[in-house]
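Asks: any chance you can model this:
(chains A and B)
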Amino acid sequence: MPLLTRKSNRARNRDGGKHSRRLSRTKPTPRRLNQPPIITVNDATVVYPGGHVALERLALEIDRGEFAFITGPTGCGKSTLIKMLIREIEPKAGNVEIAGKDINAMPADRTPYLRRRIGTVFQDFKLLPNRTVYDNVAYALQVIGEPRSQIRKKVPEILRLVGLQAKIHSYPDELSGGEQQRVAIARAFVNHPPLLLADEPTGNLDPETSIGIMQLLYRINRTGTTVLVVTHDREMVDKMRRRVIALEAGRLVRDHKESGYHDESTKEFAARVRAEMGVDQGDANGQAGDDFFGFEH
Amino acid sequence: MGRIGFFLSEAFRALRRSAAPSVAAIVTIVVTTLLLGVLVPVLRASESKASEVREQIGLEVYLYNDASRAEIDSLQRKLGAVPHVDGVTFCSPECAKKELAGELKGDLAGSIDELNSNPLPPSFDLSLDDPDSLEAVRAALLPPNSAGKPTPISAAIDPPIGDSREQANQIREVTGAVKIVLLVIAGLLLVASLLLVANTIRLSIYARRREVEVMRLVGATNWFIRWPFMIEGVIVGIMGAGIAVGLLLLGKVTIVDPLADDFALVDNLSTTGFVPLVAMLVAAAVFVSAVGSGITLRRFLRV
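Replies: Numbering: from 1, shown residues only, chains lettered A, B, ... in the order given. As a prediction, the model looks like this:
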């Protein structure tokens, strides 16, 4: 399925109400041989005005359906990489391909359509403070011209998925940090993008809430969406046992793939990570609403 | 359609929420429109007064009292043939006396009747098609003779040839100066208010840059982001212009119209078409605020 065409976008939206059911049954998508990786970075170099080299000849590939981490110390170019992937920054040399398409060669007016196919989550949530949870999520659909009937159906659905159905009319400042991040994830995922980028999604959250957020991202990953998480939380990354790409001073210094954990259910995943991090399952602040869907336990 | 409804509701939501900048923008528009609404008619009135004065400039050719009927007729034909002369009117001593009586009015008018004889000479009033050709016409009437001395084209003419130039020039200079001053003031006001409007819009957009950031993040096209802001600008423009027009109308009805009967200049002012003026002001206000927001947004839309 071509990633960047509007047709595929509409076709995806059409299944509307059924995705929650699909969600619980989908297995991680096996990579098909004829499909290009969802992200290909070809020797990209990013230089900021003033001469600071943020990324230097960075080359990496991320396959469809992967759950990968980007780690590294502050200033290593993690956030620059995210910005480059949504074409907020253009590399000085090299290029970025999303689903086999060179996004730097695209005309500038196609950039919004690229961003509709990539969900983004940030450390500071980037919610609109004057809108309710519902309106914040609905906004992403209004912007791409979704009919109102679809919005009315999809928004409560995705909010149930992230476990916030009770807070649908709350404003962001009435929510905890973990809940706000869930709203942001709902907004990023309501459109069912094939790729989700998260820039320090747990940077402002306590460990238990962070696990809840990771669990949610993992569940989204299990629907077939590629998830790329930028974080400097080494402990979390180590316990998750997923692919880890480490950057340092704009260069790739480690790309480590761990195997054997890809078939975990979200519950198993959360339980294991909790156990390994020594966090008790008590506070349900970061907890998603599994039971509403009967997710595989 | 749904999309237009979305734009409208976004624009109104923004207006409601950022009430202070919106009010500032509206007040700016009101003040500018008001000033323009007062200055434009004043400018046009002074313009029409000046051209009225210019049209009145003419020459008076006095004749000797003993000029014969034949001389007068032939001179009239000659005068009519001089270039730039638009009209030739003969004024007999009786006609001159009547005009003088008309100008003097009151007691003095009665005193003219007490004169035993009429001391006023017959004359021709010449009107010109172009006030600037005054000198040329005068020269044509008094061509120099062989000795280089100006000599009238007819023996009936009693030189010198009078004109209303002095007085006309004075009026022309004054109205010209007034016009320039008003134009400069209007120009400065316009520039100042344009900058004010642009600044107000920039402030309100800056206050909402986070919203713009989120819109771009979820894949809104640039025009999609721009429309609510431009609609907001149009609404601000319409409200500002509406208030200003209301105030202008109030001023016209309560101040200008009662005075119009007494003062010619004021009458002139109020007859300057109110409807086209209003239409122009509203269009300008809406245009400025809509385009202003559109342009200001460009800075925030760079990909």
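
Asks: separation between A:A270 and chain B?
Replies: Distance of A:A270 to chain B, given as C-beta to the nearest C-beta, to the nearest Å: 28 Å. Glycine gets a C-beta too; all of them are placed from N, C-alpha and C.

Asks: I should have written A:V143 there, sorry.
Replies: Distance from A:V143 to chain B, by C-beta to the nearest C-beta: 4 Å.

Asks: please name the residues that touch that residue.
Replies: B:215, B:218-220, B:224 (C-beta atoms under 8 Å, 6 or more residues apart in numbering or on different chains).

Asks: low-scoring pLDDT stretches of chain A, where are they?
Replies: Applying pLDDT under 70 to chain A flags residues A:1-34, A:259-263, A:279-297.

Asks: again, only this time at 50
Replies: Applying pLDDT under 50 to chain A flags residues A:1-29, A:282-297.

Asks: quick one, longest helix in it?
Replies: Using DSSP state H to define each element, chain A has its longest helix at helix A:207-222.

Asks: same question, chain B
Replies: Secondary structure of chain B per DSSP H: the longest helix is helix B:165-206.

Asks: you'd agree A:N104 is in a helix?
Replies: No. A:N104: not assigned to a helix; according to DSSP: H, G, I helix; E, B strand; the rest coil it is coil.

Asks: that one: neighbour count?
Replies: 15 (other C-beta atoms under 10 Å in any protein chain shown).

Asks: spit out the contact partners of the nearest residue to it once chain neighbours are set aside.
Replies: Counting by C-beta to C-beta, 6 or more residues apart in numbering or on different chains, A:N95 is the residue found nearest to A:N104 once chain neighbours are left out, at 4.6 Å. By C-beta under 8 Å, 6+ apart, the contact set of A:N95 is A:42, A:44, A:102-105.

Asks: tell me the SS of A:N95?
Replies: On the basis of three-state DSSP, A:N95 is classed as strand.

Asks: quick one: the longest helix of chain B near chain A?
Replies: No. Figure legend: helix B:165-206 not in contact with chain A (C-beta under 8 Å from any C-beta of the partner chain); closest approach 14.0 Å.

Asks: quick one: the strands in the chain, in order.
Replies: Just going to use chain A. With strands called from DSSP state E, chain A shows them at A:39-47, A:53-62, A:67-71, A:93-98, A:101-102, A:118-122, A:195-199, A:226-230, A:243-248, A:251-256.

Asks: not what I meant, chain B
Replies: For chain B, the strands defined by DSSP E occupy B:58-62, B:85-91, B:123-128, B:162-163.

Asks: could you check how far the closest residue to A:E66 other than its chain neighbours is from A:P112?
Replies: Counting by C-beta to C-beta, 6+ apart, A:E66 lies nearest to A:T226, which is 5.4 Å off, once chain neighbours are set aside. Distance, A:T226 to A:P112, by C-beta to C-beta, to the nearest Å: 20 Å.

Asks: got it, and A:F189?
Replies: For A:F189, the distance to A:P112 equals 18 Å [C-beta to C-beta].

Asks: show me where the chain has its helices.
Replies: Using chain A here. A:6-14, A:19-25, A:78-85, A:111-116, A:133-143, A:148-161, A:177-189, A:207-222, A:234-240, A:266-277.

Asks: that's the wrong chain, I wanted chain B
Replies: Under DSSP H, chain B gives helices at B:2-17, B:19-56, B:69-81, B:93-104, B:106-113, B:134-141, B:165-206, B:209-217, B:222-251, B:257-260, B:264-271, B:274-298.

Asks: pick the most deeply packed of those.
Replies: helix B:222-251 (a mean of 20; mean count of other C-beta atoms under 10 Å in any protein chain shown).

Asks: where's the nearest residue to B:L15 once chain neighbours are set aside relative to B:R172, distance?
Replies: Of all residues not flanking B:L15 in the chain, B:S22 sits nearest, at 5.0 Å (C-beta to C-beta, 6+ apart). To B:R172, B:S22 is 47 Å away according to C-beta to C-beta.

Asks: now do A:I220
Replies: Per C-beta to C-beta, A:I220 is found 81 Å from B:R172.

Asks: same check on A:K78?
Replies: To B:R172, A:K78 is 76 Å away according to C-beta to C-beta.
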